[in-house]
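>>> mind looking at a prediction? Sequence and model below.
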Amino acid sequence: MACQSAKTAFALIGFHGSERSFLDKSLVTRPMSKQDAEILKSAFALPTETLPNRLAKAAMTEGLADAAGRPTERLHRLYDAWGRGGAGLLITGNVIVDRDHLERPGNVVIDREPDLAMRSGLRAWAKAARAQGAGLWMQISHAGRQTQRLVNPTPAAPSAAPLRLPGKNFGMPRAMTEDDIEAVIARFAIAAKAAREEGFSGVQIHAAHGYLISQFLSPLANWRTDAWGGSLENRSRLLREIVKAVRASAGTDFTLAVKLNAADFQRGGFGPEESLQVMRWLAADGVHLIELSGGTYEQPRMAGMEGMTPPDLRGMPASSRAREAYFQDFACEALRAAPMPMMVTGGFRASAEMAQAVRDDGVALIGLGRPLCVDPLAPAKLLAGADSLDRIEGRLRIGPGLLGPKSPFKMVRALNGFGALYWCYQQLRRMGEGQPPDRGLSVLAALKAEQAAQEAAMAAIRAVRRPS
Ligand SMILES: Cc1cc2nc3c(=O)[nH]c(=O)nc-3n(C[C@H](O)[C@H](O)[C@H](O)COP(=O)(O)O)c2cc1C
């Protein structure tokens with residue numbers, strides 16, 4: 001088996017269960033060989049498009065739209081830089097299908113037929129990103145109960161099940177009606193069609209990380225007793241109906257990908273066996289590629305971070321060796337359960353690990369996130385033979401010990417989590433302005449600056465929405 005052969009490819013460095021492989025970053029890696037570089041440089045053909053290499057910029061919310069939710073020149077500039085950076089595929093950050101359910105003020109929003117100004121902003125975005133030949137997928141999303149209180153104090157969600165996070169940043173959600181659900185499905189279809197018409201090469205439906213579709217998948221957030229809750233078949237109905245609607249509106253010859261959690265890593269949440277079953281269904285439904293990630297705001301495993309409770313690792317495969325990519329072992333299971341193109345994102349930094357995932361495990365694409373916040377040229381450097389990328393995440397913390405990401409205090413852990421993320425947001429803002437990233441920025445300063453920026457963006461949104 002391809003995935004098993006990985007066990008012999010590296011010297012074993014002792015037994016590492018899944019728990020340790022998530023957290024241990026002091027990995028033994030070998031330098032990249034010429035063959036490894038060739039593997040990462042090889043093209044990847046989907047039925048809909050051919051991507052020039054195996055490196056993908058993972059979705060990263062940019063916060064650079066104007067108050068009406070339209071792409072701006074800052075967004076175009078950022079994607080021009082990433083387009084020049086060598087990745088074969090760029091996936092946009094959350095593009096939101098309902099302006100009352102932003103993941104963050106500053107998201108691009110397509111929740112109706114786009115007007116001319118929106119269309120020209122989208123077209124310029126696609127042109128800038130694709131100028132050097134990369135594929136470009138628009139990630140379409142709805143934040144559901146993970147909508148900040150700043151945006152909406154009573155967000156729509158599958159059930160009135162609040163987020164269990166310290167602080168008061170998220171309001172009490174209200175359960176969606178059938179009409180609400182139908183409206184959301186229709187808006188995903190509108191956004192996908194707009195993406196196709198304005199020059200994107202595909203869309204990715206965001207069904208991971210605790211956003212609306214992921215909430216429907218999870219029994220912890222979905223307490224419904226109608227056709228949209230209960231059995232896995234019912235919980236996955238929203239995702240599958242969106243897939244159907246997007247195929248109908250954007251065409252079956254347009255790339256359709258889904259970002260899915262391997263698991264929520266929360267007791268009673270969406271688990272690994274369920275994830276495998278959903279993948280089988282999605283393969284049968286005509287989805288072209290699955291991107292594997294994991295976690296939620298309460299349990300941010302997508303970034304290898306500590307959550308509010310100890311992670312539930314039941315059903316996750318135990319690795320025979322430490323792997324830096326958080327979901328690579330699960331990808332092997334997934335490829336056996338649903339043999340379809342997989343992209344794996346989270347923790348990849350060493351080029352030899354990336355090449356091995358492609359060559360030995362059969363992964364189609366390697367997703368890269370945080371390294372591209374400080375170095376847009378990171379993919380080109382890997383393709384030119386660099387051994388690894390900067391592991392910036394290890395340095396992003398408010399302080400040591402009690403003040404750090406492993407603090408016994410939930411509030412401090414949450415602040416470290418959001419602080420590390422906001423540090424990255426600040427770097428993207430800088431690049432959008434044409435400035436170089438600032439590696440010396442402190443996490444606390446980033447938290448403050450980002451909060452102020454989000455409040456200002458929200459005030460501007462309210463001002464344009466105010467009836468005249
Ligand atoms: C600044 C930032 C913004 C992100 N925004 C999104 C997003 O909009 N959609 C999404 O699916 N994931 C988002 N993520 C998660 C990344 O796509 C990726 O799963 C995660 O960073 C792990 O990959 P990495 O270890 O290479 O950073 C974001 C991550 C960061 C750091």
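Looks like it arrived, so ask away. These numbers come from a predicted model, not from an experiment.

>>> which parts of the stretch 351-468 of the chain sit against the ligand?
368-370, 373, 421, 424-425 (CB under 6 Å from any ligand atom). Yep, even glycine has a C-beta here, placed from its N, CA and C like the rest.

>>> mind listing which of these are in helices?
373, 421, 424-425 (DSSP state H).

>>> residues from the stretch 151-300 of the chain in reach of the ligand?
Going by CB under 6 Å from any ligand atom, the residues of the stretch 151-300 of the chain near the ligand are 206, 208-209, 259, 293.

>>> now those in a markdown table, with pLDDT, neighbour count and secondary structure?
Below are these laid out as a markdown table (pLDDT from 0 to 100; neighbours: other CB atoms under 10 Å; DSSP: H, G, I helix; E, B strand; the rest coil):
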| residue | pLDDT | neighbour count | secondary structure |
| --- | --- | --- | --- |
| His206 | 98 | 29 | strand |
| Ala208 | 97 | 28 | coil |
| His209 | 96 | 27 | coil |
| Lys259 | 98 | 28 | strand |
| Ser293 | 94 | 27 | strand |
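
>>> tell me the one of the residues you listed nearest Ala43?
Closest approach between those and Ala43, by CB to CB: Lys259, at 22.3 Å.

>>> hey, what's that closest one bridged with?
His206, Glu291 (DSSP bridges).

>>> got the phi and psi for Pro379?
Dihedral pair for Pro379: phi -60, psi -40, per degrees, to the nearest 10.

>>> what sits against the closest residue to the ligand within the chain?
Ranked by CB to the nearest ligand atom, the top residue of the chain for proximity to the ligand is Gly369, at 2.8 Å. Neighbouring residues of Gly369 by CB atoms under 8 Å, 6 or more residues apart in numbering: 57-58, 60, 345-346.

>>> turn the residues you listed into JSON lines, including distance to the ligand, neighbour count and pLDDT.
Converted to JSON lines, the contacts of Gly369 look like this (distance: CB to the nearest ligand atom, whole Å; neighbours: other CB atoms under 10 Å; pLDDT from 0 to 100):
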{"residue": "Lys57", "distance to the ligand": "9", "neighbour count": "28", "pLDDT": "98"}
{"residue": "Ala58", "distance to the ligand": "3", "neighbour count": "27", "pLDDT": "98"}
{"residue": "Met60", "distance to the ligand": "4", "neighbour count": "24", "pLDDT": "98"}
{"residue": "Thr345", "distance to the ligand": "4", "neighbour count": "25", "pLDDT": "96"}
{"residue": "Gly346", "distance to the ligand": "4", "neighbour count": "25", "pLDDT": "94"}
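
>>> which of those fall within strands?
57, 345 (DSSP state E).

>>> quick check, nearest of the contacts of Gly369 to Asp80?
Lys57 (12.8 Å).

>>> hmm, back to that, where does the residue of the chain closest to the ligand fall, phi/psi-wise?
Per degrees, to the nearest 10, the backbone of Gly369 is at phi -120, psi -90.

>>> quick one: it and Gly199, what's the gap?
24 Å (CB to CB, to the nearest Å).

>>> got it, and Trp137?
From Trp137 to Gly199 the distance is 12 Å (CB to CB).

>>> how about His142?
23 Å.

>>> over to Gln266?
Counting by CB to CB - Gln266 and Gly199 are separated by 39 Å.

>>> how about the strands in this protein?
According to DSSP E, the strands that the chain contains are 44-45, 50-51, 55-57, 89-91, 95-96, 108-109, 135-141, 156-157, 174-175, 202-207, 255-261, 289-293, 342-345, 365-368.

>>> neighbour count winner among Gln266 and Gly199?
Neighbour count, other CB atoms under 10 Å: between Gln266 and Gly199, Gln266 has more, with 25 against 15.

>>> is that one in contact with Arg301, as I believe?
No. In this structure Gln266 lies outside contact range of Arg301 using CB atoms under 8 Å: 9.7 Å.

>>> what's the overlap in contacts for those two?
Joint contacts of Gln266 and Arg301 (CB under 8 Å, 6+ apart) are 307, 311.

>>> nearest spatial neighbour of Leu75, skipping sequence neighbours?
Leu64 (4.2 Å; CB to CB, 6 or more residues apart in numbering).

>>> ok, that neighbour - contacts?
Applying CB under 8 Å, 6+ apart, the residues near Leu64 are 71-72, 74-75, 78, 106, 428-429, 432.

>>> what does Gly346 give?
Counted by CB under 8 Å, 6+ apart, Gly346 has contacts 293-294, 301-304, 325-327, 367, 369.

>>> as a markdown table, the residues you listed with distance to Gly271 would be great.
Shown next, in a markdown table, are the contacts of Gly346 (distance: CB to CB, whole Å):
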| residue | distance to Gly271 |
| --- | --- |
| Ser293 | 15 |
| Gly294 | 11 |
| Arg301 | 13 |
| Met302 | 16 |
| Ala303 | 20 |
| Gly304 | 19 |
| Ala325 | 20 |
| Tyr326 | 16 |
| Phe327 | 14 |
| Gly367 | 22 |
| Gly369 | 24 |
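
>>> in those, find the pair that's most separated.
Arg301 and Gly367 (14.4 Å).

>>> ok, now how distant is the closest residue to Gly432 other than its chain neighbours from Thr154?
Leaving aside its sequence neighbours, Gly432 sits nearest to Arg74 (CB to CB, 6+ apart; 3.4 Å). Going from Arg74 to Thr154 by CB to CB gives 31 Å.
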